[in-house]
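1. Quick check, what structure comes out for this input:
(one chain, ligands or ions: 1)
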Amino acid sequence: MSMSDSFIHDLRQALGDDQLLVHEQIEPRYKTDWSKASVCEPVAVVRPRSTEAVSAALKVCHAHGHPVTVQGGMTGLVGASQANDGDVVMSLEFLNGVQEIDATASCMTVWAGTPLQLVQEAAQAAGLYFAVDLGARGSCQVGGNIATNAGGNRVIRYGMMREQVLGLEVVLADGTIVTSLNKMLKNNAGYDVKQLFIGSEGTLGVITRAVLRLHAMPTETTTVLCALAHQDAMVSFLRRVRSMAGPSLLAFEVMWPDFFSFMTERVPGNVSPFERSDVMAVLLEVATGDAGLANDVLEGLLESALDAGELTDAAIAQSGKQADAFWRIRDSVSEFPLLFAPYASFDVSLPIQSVCEFVTTLKSQLAKDMACAQSLFFGHIGDSNLHIVVHVPGPRQTFPKDAIDAAVYELVKQYHGSVSAEHGIGTRKKPWLGYSRSPAEIEVMKVIKKALDPGQILNRGRVIDF
Ligand SMILES: Cc1cc2nc3c(=O)[nH]c(=O)nc-3n(C[C@H](O)[C@H](O)[C@H](O)COP(=O)(O)OP(=O)(O)OC[C@H]3O[C@@H](n4cnc5c(N)ncnc54)[C@H](O)[C@@H]3O)c2cc1C
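-> Numbering: from 1, shown residues only. From the prediction side, this is the model:
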């Protein structure tokens, strides 16, 4: 028996036939992620139906020193769930469902393979609210959200995924099961081990279950699309909104003029509520009704911003349908592959005070280096998170990706920002990790990886090597 035959034989012994796919049984969806940037040939796909099956599969891979790529919904944008040729793919799709909703403790226990949208709907059905929300909600899984410490649209009010996780169950590279399904908000008994796995992009362990924090449902929300007078008004408008809306502020999404006109002129169905489409827009969402901001306070806020010259216009959504239409302008980023290819996209963080200067500098630098480059800017600016999309007309083969990467990340470094705000490092940002983390921080990451996965079998080549 060859080494590879004996490996598959051991996997089959551990899992049985129904949790293992090999050869032609492996469907194309396991071979490429959302970006479709590359296609691989895994040696096997394991689809465990229990924590014990995850453990059994990892014990075999650990014993054989065989690399494993962990896959959730595969919507990650840094190539971390894209397997390499010859890997075992571990798909969490069958470890799916809500185990318990505890209304008294205001939390829910879910399997890692549960789609985010299903988690949101289950919380809502229990009269509660799960606070992480992002465009890929229908496809991404809660385990992937935890592994990437996902952010999204509500961070300004509720924090990132890390803030929503009370407990975790994780299987280590050698198959050890660590069950820590804590439900308490306070638990300072020694190291908070779960924090290591949140945002570790599957490099330290496989998340199988999680206890998630739930919040009171925002009873009523109001969406407002605002036109800023100029980009420098953004920071003072944010300060004004924060101080007047307080905890009622649910979202503060900024769209620079090029982005806003692209979305309202080129994406069918999107319409600007303003006379002009080349405006710098802020999409504001606030909790209103009994538990939120009174309507007259919201109107007062907008009037004071108009009087102060921060805004030139503001449109308050008059219905749920109109609010959805405003959000669609911001969320139409999924149209880029169709309308803006070839392009490079970036997710970076910057100190809020520097965001506008960064945008102006980068725009002029790109225009100087690549005369026909078009760049669009938008983001969760209340959380310091800027997204950048750069398009250069021409065939994909000659697209100057490396030059654009270097221009963006050098400037991020110069402004003391982060090369990854919410998407992680994966493989695509690995060369730039040292721009945002010190040598001492990187050394600690290596020590942790070495301790938990000495054979480097989990998501080999992602984030960090030692
Ligand atoms: C249209 C669109 C909009 C998006 N918007 C946002 C946004 O606003 N904010 C944001 O943060 N992200 C956003 N993303 C990125 C992506 O949706 C998130 O990173 C998401 O959290 C990934 O979840 P997933 O289940 O698809 O994970 P995958 O892509 O399958 O995996 C991502 C990483 O997590 C690991 N992983 C997955 N499951 C597990 C597990 N159970 N245990 C251990 N490791 C695991 C994988 O190995 C990989 O390293 C967006 C993506 C798209 C396509």
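2. The spatially most central residue of the chain: what secondary structure?
-> What sits nearest the mean C-alpha location of the chain, by C-alpha atoms, centre = their mean, is A150, with 3.8 Å. At A150 the chain is in coil, as set by DSSP: H, G, I helix; E, B strand; the rest coil.
3. quick one: T221 is in a strand?
-> Yes - residue state for T221 (three-state DSSP) corresponds to a strand.
4. Let me see the contact set for it.
-> Each residue near T221 by C-beta atoms under 8 Å, 6 or more residues apart in numbering is listed here: L250, E285, V286, A287, T288, G292, A323. Placement of C-beta: from N, CA and C, glycine included.
5. of all these, which two lie farthest apart?
-> G292 and A323 (14.4 Å; C-beta to C-beta).
6. who has more neighbours, these two?
-> Neighbour count, other C-beta atoms under 10 Å: between G292 and A323, G292 has more, with 22 against 19.
7. Would you mind listing the outside residues contacting stretch 294-314?
-> Applying C-beta under 8 Å, 6+ apart, the contact partners of stretch 294-314 are 222, 224-229, 233, 236-237, 240-241, 244-245, 274-275, 279, 286, 288, 293, 316.
8. For the residue of the stretch 101-250 of the chain found nearest the ligand, give me its contacts.
-> Closest contact between the stretch 101-250 of the chain and the ligand, by C-beta to the nearest ligand atom, is at G144 (2.1 Å). Applying C-beta under 8 Å, 6+ apart, we find G144 in contact with G72, G73, M74, T75, G76, S81, L92, A150.
9. Assign a three-state SS to the fifth one, would you?
-> Meaning G76. Counting by three-state DSSP, the backbone at G76 sits in coil.
10. Look at the spatially closest residue to it that is not a sequence neighbour and say how many residues are nearby.
-> Nearest residue to G76, sequence neighbours excluded (C-beta to C-beta, 6 or more residues apart in numbering): T148, at 6.0 Å. Look at T148: counted by other C-beta under 10 Å, it has 29 neighbours.
11. Going forward, the N-terminal residue is numbered 186.
-> Done: numbering now begins at 186, and the last item shifts to T333.
12. Could you tell me how far E237 is located from the ligand?
-> E237 sits 15 Å away from the ligand, going by C-beta to the nearest ligand atom, to the nearest Å.
13. ok, for that residue, nearest residue in space, not its chain neighbours?
-> Of all residues not flanking E237 in the chain, I362 sits nearest, at 7.6 Å (C-beta to C-beta, 6+ apart).
14. For that neighbour, what are phi and psi?
-> Backbone geometry at I362, expressed as degrees, to the nearest 10, gives phi -90, psi 120.
15. tell me the contacts of the residue of the stretch 436-585 of the chain found nearest the ligand?
-> For the stretch 436-585 of the chain and the ligand, the shortest gap (C-beta to the nearest ligand atom) falls at S519, measuring 4.8 Å. With C-beta under 8 Å, 6+ apart as the criterion, the residues that contact S519 are G320.
16. any idea how far Q538 is from it?
-> 31 Å (C-beta to C-beta, to the nearest Å).
17. picking up where we left off before, tell me which element the residue of the stretch 286-435 of the chain closest to the ligand is part of?
-> Using DSSP states H and E, G329 falls within helix 327-332.
18. would you put the C-alpha positions of that helix in CSV?
-> C-alpha atoms of helix 327-332 as CSV (Å, rounded to 0.1, in the frame of the first residue of the first chain):
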residue,chain,number,x,y,z
VAL,A,327,-20.5,31.5,11.9
GLY,A,328,-17.3,29.4,12.4
GLY,A,329,-15.8,31.3,9.5
ASN,A,330,-17.0,34.6,11.0
ILE,A,331,-15.3,33.7,14.3
ALA,A,332,-12.1,32.4,12.6
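19. Can you name the residues in contact with the helix or strand that it is followed by?
-> Following helix 327-332 in sequence order, the next helix or strand is helix 340-343 (DSSP H and E). Here helix 340-343 makes contact (C-beta under 8 Å, 6+ apart) with 316-317, 349, 400, 432, 434-437, 565, 567-568, 570, 607.
20. Tabulate the CA atom coordinates of helix 340-343 in PDB.
-> Taking C-alpha atoms only, helix 340-343 is exported to PDB below (Å, rounded to 0.1, in the frame of the first residue of the first chain):
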ATOM      1  CA  VAL A 340     -19.300  47.300  14.600                       C
ATOM      2  CA  ILE A 341     -19.700  50.900  15.500                       C
ATOM      3  CA  ARG A 342     -22.500  49.900  18.000                       C
ATOM      4  CA  TYR A 343     -21.800  46.300  19.000                       C
END
